[in-house]
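K.L.:
got a predicted structure plus its sequence, pasted below:
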Amino acid sequence: MKNLLIRPATQDDAESIFQVHKNSVENLCTADYGAEQIAMWLDGRSPETYRPAIAAGNLWLACSDVLQGFVEIEGLEVSKLFIRGEAAGQGVGKRLLAEALQQIAAAGHTSAYLEATLTAEKFYAACGFRKIGEGTFSRGNSPVSIEIIKMARIL
């Protein structure tokens, strides 16, 4: 994608980040997860969800004319990486992941960890991550969960 700017998120970006997260899950993950799983995944999320990471300086955006995606880190973990559905396959995710790994390395970590969705496992494998386990993710007390792949790579 041309004219893609990677920049730190600001508090003014919270609503747009929320909309990209929702768009990404609803448009890219439906082949691997059912409607009930998608609903659980997004349940309780709001623009407020992203404010602590923004305040900590742990969230970056990929912007062109509109917000195309975002990545969030927590220590050595890439905790969130979501791109707008129509931006898939255009290098946005790779640019965001490269930024996250650079920030993790700059903080002194020698490896990175993430929990990939089934949808994103091949993307992360192509970026040098290897599968180290499996698990599930759910929000709150929901009996609904999604399958995840635990992955890591050396920096």
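P.N.:
Yep, it's here.
K.L.:
from here on, just use CA atoms for contacts and neighbour counts.
P.N.:
Will do.
K.L.:
what's the first-to-last distance across stretch 56-71?
P.N.:
Between the opening and closing residues of stretch 56-71 there is a gap of 13 Å (C-alpha to C-alpha, to the nearest Å).
K.L.:
centre of the chain versus it, how much separation?
P.N.:
Between the mean C-alpha point of stretch 56-71 and the mean C-alpha point of its chain there is a distance of 10 Å (C-alpha atoms, centre = their mean, to the nearest Å).
K.L.:
same check on stretch 43-57?
P.N.:
For stretch 43-57, the distance between its averaged C-alpha position and the chain's averaged C-alpha position is 13 Å (C-alpha atoms, centre = their mean).
K.L.:
strands of this structure, start to end?
P.N.:
Remark: strands assigned in the chain by DSSP state E are 5-8, 59-63, 67-74, 77-83, 111-117, 130-137, 146-154.
K.L.:
what strands line up against the fourth one, and which way round?
P.N.:
The one in question is strand 77-83. Partners of strand 77-83 in the sheet, by DSSP bridges, are strand 67-74 (antiparallel), strand 111-117 (parallel).
K.L.:
where in this structure is the helix or strand with the lowest mean pLDDT?
P.N.:
Across the helices and strands of the chain, mean pLDDT, DSSP states H and E gives its lowest value to helix 35-42, namely a mean of 92.
K.L.:
so what touches that helix?
P.N.:
Contacts made with helix 35-42 from outside it, assessed by C-alpha atoms under 8 Å, 6 or more residues apart in numbering, are listed as Lys22, Val25, Glu26, Cys29, Thr30, Ser138, Arg139, Ser142, Val144, Ser145, Ile146.
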